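Novice: what's the 3D shape of this:
(chains A and B)
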There are 2 protein chains.
Amino acid sequence: MKVAKKLVTGLLGAALVSFSAATLAHAEEDVPKLTKEEMQKASRIFFDRCAGCHGMLRKGATGPALTPEALKKKGLNIPAIEAFIYNGTPGGMPDWGKQGVLTKDEIHLLAKFLLNPPPPPPLLTWKQINDSWKLYVPLEKRPKKAANPHWKNFFGVILRDVGKVAIIDGTTKKLLNIVNTGFAVHILRTSKSGRYMYSIGRDGKATVIDLWMKKPDKVAEVKVCYDARSIDTSKYEGYEDKYAVVGCYWPPAFVILDGKTLKPITRHATSDYYYDTKDFVREARVASIVASHYDPLWVLNIKEAGQVWLVDYANVDKGTISIDMIDAERYLHDGGWDLSKRYFLVAANMRNKVVVIDTKEKKLEAIVKVGTKPHPGRGANIDHPKYGPIWCTGHIGENRIACIGTDPEKHPQYAWKVVKWIEMPGVGGGNLFVKTNPNSKWLLADRPLNPDKNLQRSIFVFDKNTFELVKTLKVPSDIPGRAVHEEYNKDGSEFWISVWGRKDQPTAILIYDDKTLQLKNVIKGDWVRTPTGKFNVYNTMKDIY
Amino acid sequence: MKVAKKLVTGLLGAALVSFSAATLAHAEEDVPKLTKEEMQKASRIFFDRCAGCHGMLRKGATGPALTPEALKKKGLNIPAIEAFIYNGTPGGMPDWGKQGVLTKDEIHLLAKFLLNPPPPPPLLTWKQINDSWKLYVPLEKRPKKAANPHWKNFFGVILRDVGKVAIIDGTTKKLLNIVNTGFAVHILRTSKSGRYMYSIGRDGKATVIDLWMKKPDKVAEVKVCYDARSIDTSKYEGYEDKYAVVGCYWPPAFVILDGKTLKPITRHATSDYYYDTKDFVREARVASIVASHYDPLWVLNIKEAGQVWLVDYANVDKGTISIDMIDAERYLHDGGWDLSKRYFLVAANMRNKVVVIDTKEKKLEAIVKVGTKPHPGRGANIDHPKYGPIWCTGHIGENRIACIGTDPEKHPQYAWKVVKWIEMPGVGGGNLFVKTNPNSKWLLADRPLNPDKNLQRSIFVFDKNTFELVKTLKVPSDIPGRAVHEEYNKDGSEFWISVWGRKDQPTAILIYDDKTLQLKNVIKGDWVRTPTGKFNVYNTMKDIY
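Specialist: Model prediction:
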């Protein structure tokens, strides 16, 4: 009906009126003044250091809300805010000043910035995305077969703070290439065939590397967000290597790309209502993505909204996307498949829970209470003689690993319960990754975020069956940095550990023999800067962890 | 991964910096100043008169964009804007000044308001929604059987500008009750059983009326948006009368309610990307909703985004909503089912097209070019001897009715083509509703938006088979107002026409005998103010049109 022709005489009601009043009142209020240049500088520092936890709109997520209203409600003025930024908090806020990352002037600027309303972040237009798309090697110029016979044992190693990905031959341990990717790469994934390896940068740049090339190199890239954390590909039969999907932090969205060329296809917003309060959250970010092998679907974890979205990509080429939006828990972070690959387990890291999604029935299966700030990465799957298949996660906030029964059919008494708490030695958590392999007897755990310098440099090796601590591996004393992220080679006969240091000095990648737990190789070189996640092609394509 | 602990040193890039600069530059610019009171008054006028076509955020929809940038780009200053508001345009913009609806002072204020950035509209919190919920009659106090044996022949009549709904016994023609509902009711719908009748107001207030009561009256209400146009209920087997769903204009969302009590259950945002440009549209509004009888799904038309969403409500009680998001065309408005109820046809009224959705296969079936600004209402279905089942729509922008073949199986040569253009006499369009009934020989069409006073007061009666004009019915000269909206009674033996006038004088509802086309009853009374849509219970519950 054409509303304009009608004598519409109603009113929006008190809310709009009072809102306008509030807006005006706010504009008239006395907020710290910033010049254009100061505003730009503060916006950039906030994006680099603060937005990940507090959100671009400062509504809070892993960290608390930082809007002027929220700060004032807590009675925080400029000196108080400066103190928080300088000293950090025991709850996880880093000591940006003490660490020397931010100067006193920068902290003062940031405090003033936070008392101003958040500037609305820019939208990334579809044209900007398309303009950023670069196809370096068209399909017809790509190899017809793999140049290297053991390409499935390649490792992609994230050199995080230098924005690169190293491709290493896991068989010969030789560096094959260093690929310039996005800034601060977050994760790597492979296509179903394993041939293509994808990286996603903190700057939203997706890169695809062709591992069949003599010198594996990037064949396409595209910047699809300002801020991103996740990428995966279509893995269902008939869709192998066909699509890639990027989960954006800002603008909050998922973007579907051609799997081989990264040509942008479509995107949908993830802004929605919190699953529990049902209030609107513009900044509902895609925390992580996994791809099902048994259906044409991706599991997207919508962090703030606390919803798991099962995105069916079968009809993308017909302009249709189908989504099951499942109310789960806040704030969703990362997770992985159980051993059967039917159940997806994801951390709700501010509620200290693990959410279990049944991707076959497309429903919430269970919510399991775990420890403080679970951080599974993709978790570790063990087929245990007593408990049956279990899935384990470590915690940032405490020194225990929780293992959850995942087999409701054959081991119903253990299903969706913590069947084993594994205590790690020493005080405090700081674990980021646990890992195992079907051919290994061990469960491995790191502690890079633990404040204790000794624990930071340790990898804890537990017996998979008895859960006893078998050995503590230490980074050799001549290599600076923290031990982070374990990854097995293709046959599970060895595992690799990154030594994560400052970007101004090289560190190393340590390779341990899985049987003897002896250090058998050290990958060194001037190029080994800030290595973090390592992804073996075979284990990644098969979701073995 | 805990980003804060990492030495993140990147940059957001030029866009954020230039955005901040632009924001600041804008704030410093010379825009017309408004006091707090003027801002409130202008916001209210804009919401009442302008937002329906131009959007709360003024990004444009049926009408063009009205942001300061858009106005300046066209070189429009205050006097030029005033002229548009005062005189209207041939394209459909009303002459608010000439009509005497807005004063010169109000128009001046509005022009200044438009050169200011749109104030962000308020969000409606879940608490506000729940606080607004009123359960007047709990389930246990409602009748166990219908008090009136011919309740399925009741009519709900919208008394639009007085914010009321009249319930009339279609058999006795007696007024049963006048129910206070939301401001400017847009439509009525019934539950699957027909017992409950729902209204949705322009103010987002949903009301449910129990037709089994001796004096049918509202039993519950809730305000779920600031602005809304659509409501429907769950009609699939096993879900009869279980849920209601409201489509909001602002905040852009759909809200699911308990069908019998209107208790709020959940909501999801509809803000998304335009289907074609893939750029973000915060104000992606739900233009209309229909409910399938053959699946647990609602068809939601997301106006600005140009997407049709098939919303599966089968797992609402498990906290899961499943949506097929189908790229279609802009800007989606209203529509209805074909005769088989498999296909849903909806106007894309700024692209002069009708979109056909196959709800069985959950896909876009066709896009049909029609005339200027199609406005089907729910359309009119005819089982034609030559063309088979066809569905007809009139147009606001031209004097033709387009009838489209809807049977790809048995009449493939006519499917998804305009098989017949029916020309109406006189110049110009202005049609809002066409209607027919399986037991009638006629196709009826109104012209209330035609500028010609004679055409405004005419209903055109066409032969369903030959498409010849059989008769032109005129509103009796002693009744002021325009003829609008046709509705049949239960057995199709008569049809009702509203006479739509000013709210300060009563008009009438005209009842014609369908066989003879003679005026047989005139419903009059002081209460008959601004009647528009009329909904016969049986025809509405069965989707007969």
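Novice: Now do stretch A:75-82: everything it contacts.
Specialist: A:32, A:71, A:84, A:104, A:107-108, A:110-112, A:114-115 (Cβ atoms under 8 Å, 6 or more residues apart in numbering or on different chains). Yep, even glycine has a C-beta here, placed from its N, CA and C like the rest.
Novice: typo on my end, stretch A:475-483
Specialist: A:446-448, A:456-459, A:473, A:497-502, A:505, A:507-508, A:510, A:519, A:522.
Novice: buried subset of these?
Specialist: Neighbour-count burial (16 or more other Cβ atoms under 10 Å in any protein chain shown) applied to the contacts of stretch A:475-483 gives A:446-448, A:456-459, A:473, A:497-501, A:507-508, A:510.
Novice: Parallel or antiparallel, which strands does the strand ranked longest in chain A pair with?
Specialist: Secondary structure of chain A per DSSP state E: the longest strand is strand A:374-384. Applying DSSP bridges to the sheet, strand A:374-384 is found paired with strand A:388-395 (antiparallel).
Novice: All the helices of chain A, residue numbers only.
Specialist: Remark: helices assigned in chain A by DSSP state H are A:14-28, A:36-45, A:51-54, A:68-73, A:78-87, A:104-114, A:126-132, A:453-456, A:537-541.
Novice: thinking again about what came up before, which of the contacts of stretch A:75-82 has the most neighbours?
Specialist: In terms of neighbours by other Cβ atoms under 10 Å in any protein chain shown, the contacts of stretch A:75-82 top out with residue A:114 at 25 neighbours.
Novice: That residue and residue A:70 touch, don't they?
Specialist: No: at 9.4 Å, residue A:114 does not count as touching residue A:70 under the criterion of Cβ atoms under 8 Å.
Novice: which residues are in contact with both of these two?
Specialist: Common neighbours of residue A:114 and residue A:70 are listed as residue A:58 (criterion: Cβ under 8 Å, 6+ apart).
Novice: Give me the buried stretch members for the longest strand of chain A, please.
Specialist: Under 16+ other Cβ under 10 Å, the buried positions of strand A:374-384 are A:374-382, A:384.
Novice: and which of those is nearest residue B:204?
Specialist: Comparing these against residue B:204 with Cβ to Cβ places residue A:374 closest, at 40.0 Å.
Novice: burial measure for the nearest residue to residue A:328 once chain neighbours are set aside, as a count.
Specialist: Nearest residue to residue A:328 in three dimensions, chain neighbours excluded: residue A:355, at 4.4 Å (Cβ to Cβ, 6 or more residues apart in numbering or on different chains). Neighbour count of residue A:355, defined by other Cβ under 10 Å: 25.
Novice: Residue A:355 bridge partners, please.
Specialist: For residue A:355, the beta-bridge partners under DSSP bridges are residue A:346, residue A:367.
Novice: quick one: the spatially most central residue of chain A from chain B, how far?
Specialist: Residue closest to the mean C-alpha point of chain A, counted by Cα atoms, centre = their mean, is residue A:229 at 4.7 Å. Distance of residue A:229 to chain B, given as Cβ to the nearest Cβ, to the nearest Å: 8 Å.
Novice: For that residue, which residues are in contact?
Specialist: Counting by Cβ under 8 Å, 6+ apart, residue A:229 touches A:186-187, A:200, A:202, A:247, A:249, A:285-288.
Novice: Nearest to chain B among these?
Specialist: residue A:202 (6.2 Å; Cβ to the nearest Cβ).
Novice: Help me confirm that that closest one comes into contact with residue A:225.
Specialist: No: counting by Cβ under 8 Å, residue A:202 stays clear of residue A:225, with 9.8 Å between them.
Novice: Look at these two and report which has more neighbours.
Specialist: Counted by other Cβ under 10 Å, residue A:202 and residue A:225 do not tie: residue A:225 has more neighbours, with 28 against 25.
Novice: Next, the contact list for the more buried one, please.
Specialist: Contact analysis of residue A:225 by Cβ under 8 Å, 6+ apart lists A:124, A:204, A:246, A:248-251, A:253, A:255.
Novice: From the residues you listed, list the buried ones, please.
Specialist: Among the contacts of residue A:225, those classed as buried by 16+ other Cβ under 10 Å are A:124, A:204, A:246, A:248-251, A:253, A:255.
Novice: avg pLDDT for stretch A:434-452?
Specialist: For stretch A:434-452, the mean pLDDT works out to 96.
Novice: Check the offset of it from the chain's centre.
Specialist: Distance of stretch A:434-452 from its chain centroid, counting by Cα atoms, centre = their mean, to the nearest Å, is 18 Å.
Novice: Which strand residues bridge residue A:221?
Specialist: Under the criterion used here (DSSP bridges), residue A:221 is bridged to residue A:134, residue A:207.
Novice: Extract the C-alpha set from stretch A:220-239 and format it as CSV.
Specialist: In CSV, the C-alpha atoms belonging to stretch A:220-239 read as follows (Å, rounded to 0.1, in the frame of the first residue of the first chain):
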residue,chain,number,x,y,z
ALA,A,220,44.9,-15.6,-5.9
GLU,A,221,44.1,-13.2,-3.1
VAL,A,222,41.2,-10.9,-2.1
LYS,A,223,40.5,-8.6,0.8
VAL,A,224,36.9,-9.3,1.9
CYS,A,225,36.8,-7.7,5.4
TYR,A,226,38.7,-5.2,7.5
ASP,A,227,39.1,-7.8,10.2
ALA,A,228,38.7,-11.5,10.0
ARG,A,229,39.6,-14.8,11.8
SER,A,230,38.3,-17.7,9.8
ILE,A,231,38.2,-19.4,6.4
ASP,A,232,37.2,-22.8,5.2
THR,A,233,36.2,-24.5,2.0
SER,A,234,33.4,-26.7,0.6
LYS,A,235,34.2,-30.3,1.4
TYR,A,236,31.0,-32.2,0.5
GLU,A,237,31.0,-34.7,-2.4
GLY,A,238,30.4,-32.8,-5.6
TYR,A,239,31.6,-29.5,-4.2
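Novice: and that stretch, how far from the chain's centre?
Specialist: Per Cα atoms, centre = their mean, the centroid offset for stretch A:220-239 relative to its chain is 13 Å.
Novice: So which bits of it are buried?
Specialist: Quick answer for stretch A:220-239 (16+ other Cβ under 10 Å): A:220-236, A:239.
Novice: is stretch A:437-453 up against chain B anywhere?
Specialist: Yes: residues of stretch A:437-453 are located near chain B by Cβ under 8 Å from any Cβ of the partner chain, namely residue A:449.
Novice: buried sites along that stretch?
Specialist: Going by neighbour count (16+ other Cβ under 10 Å), the buried part of stretch A:437-453 is A:437, A:440-450.
Novice: Closest to residue A:57 out of those?
Specialist: Nearest to residue A:57 out of these is residue A:449 (Cβ to Cβ; 26.1 Å).
Novice: That closest one is in contact with residue A:395, isn't it?
Specialist: No: judged on Cβ under 8 Å, residue A:449 makes no contact with residue A:395 at a distance of 10.2 Å.
Novice: and for these two, which residues touch both?
Specialist: Shared contacts of residue A:449 and residue A:395 (Cβ under 8 Å, 6+ apart): A:429, A:431.
Novice: how about the residues of the stretch 201-350 of chain A near chain B?
Specialist: A:202-203, A:226-227, A:251, A:253, A:264, A:266-269, A:271-273, A:275, A:277-280, A:315, A:318-327.
Novice: coming back round to it: quick one: which of the buried residues of strand A:374-384 is nearest to residue A:178?
Specialist: Scanning the buried residues of strand A:374-384 for proximity to residue A:178, where the rule is Cβ to Cβ, the winner is residue A:377, at 23.9 Å.
Novice: what about the closest residue to that closest one other than its chain neighbours, neighbour count?
Specialist: Distances taken as Cβ to Cβ, 6+ apart place residue A:433 nearest to residue A:377, at 4.3 Å, with adjacent residues excluded. Neighbours of residue A:433 under the rule other Cβ under 10 Å: 28.
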